[in-house]
Each structure stands twice: as structure tokens, then as C-alpha cells.
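[1] Give me a 3D structure for the following:
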Amino acid sequence: MNDLPIVSAFDRLFLYKWNTIYLNRKTRYISISDIILLKAESNYTSILMSDGKKIMLAKTLKEFEAILSNHPFVRIHRSYLINLNNLQSFELKDEMFVTMKTGKKIDISRRRKMIFREKFLAHSA
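    Okay, here's the model as predicted:
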């Protein structure tokens, strides 16, 4: 985790005080609890919201991983960061995947299986 970018004081302030993320260019705030998942799209990130809307931002998934590190988000794949509060179920035996409350199934990479398990158990405790 030492290679994660430094989170700006501005991002930390919004997360701490209002539990929201500020989206630049347009003054728009999104509630962290409304985020289902974040998907990497090259140097952009697509955010899937609980209302079904998608928001595309010019930040990498790695940047969002740092911004959301103190929230119930876990990276389960090179391309996905999920909100554990919006997790419906998961399978860690034969096929490794999660099912989100929207019904979307996402594979868990073998390399991230233990990280997912640890974060899930810590979140559930």
C-alpha cells in the first residue's frame, strides 16, 4: 500500500466531514454509501451508483483506492473496487466471484482473494 498516491487534504476533508466525494469541474458531490463499485477504464474510472447511473472520472482506480481506504471498499480485481455495503453474496471456493446488490457478478482474482476475505471479515465484525 506504500505505492498509493497521496490523498489531497481537500479529498480527506470531504470524506471526513461529509462522507462524500467532490467531483471537479462540476460542483457535484456523491455520497459514498451510494457507490456500488468502481471500474478501471484506462486512466479513467467509471463509478456505478445505486440508482443505476454511471459517472466517468479522470482519476485512476489506484487514486480512488487511496481516497476510499478508510471506507468499506476493497479491490477484488485489477479493474474493480467494490463497496462491501452493497455486496449481496460471494463465492471463494471453485469459482471466485462476488455478486453485488444490483445482481452484477464480478470475478475475484486469485491474488486478491485473501485481501478480500480479510477486509470482509473486518467489515463484518
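
[2] Do me a favour and average the pLDDT over the helix or strand where L38 lies.
    Per DSSP states H and E: L38 is located in strand 35-41. Across strand 35-41, the average pLDDT comes to 96.

[3] Flag the shaky bits of this protein, pLDDT-wise.
    Residue ranges of the chain with pLDDT under 70: 1-29.

[4] hey, where'd the strands end up in it?
    Secondary structure of the chain (DSSP state E): strands located at 20-23, 28-31, 35-41, 44-49, 54-57, 73-77, 80-83, 87-91, 97-100, 105-107.

[5] quick one on the thing from earlier: so what are the sheet partners of the strand holding L38 and their directions?
    If you go by DSSP bridges, strand 35-41 pairs up with strand 44-49 (antiparallel), strand 80-83 (antiparallel).

[6] before we move on, back to that, now the strands of the chain in CSV, with distance to K119?
    For the C-beta atoms, the positions are set from N, CA and C on the backbone; glycine is no exception. Shown next, in CSV, are the strands of the chain (distance: least, Cβ to Cβ, whole Å):
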stretch, distance to K119
strand 20-23, 20
strand 28-31, 21
strand 35-41, 14
strand 44-49, 19
strand 54-57, 23
strand 73-77, 4
strand 80-83, 10
strand 87-91, 11
strand 97-100, 12
strand 105-107, 15
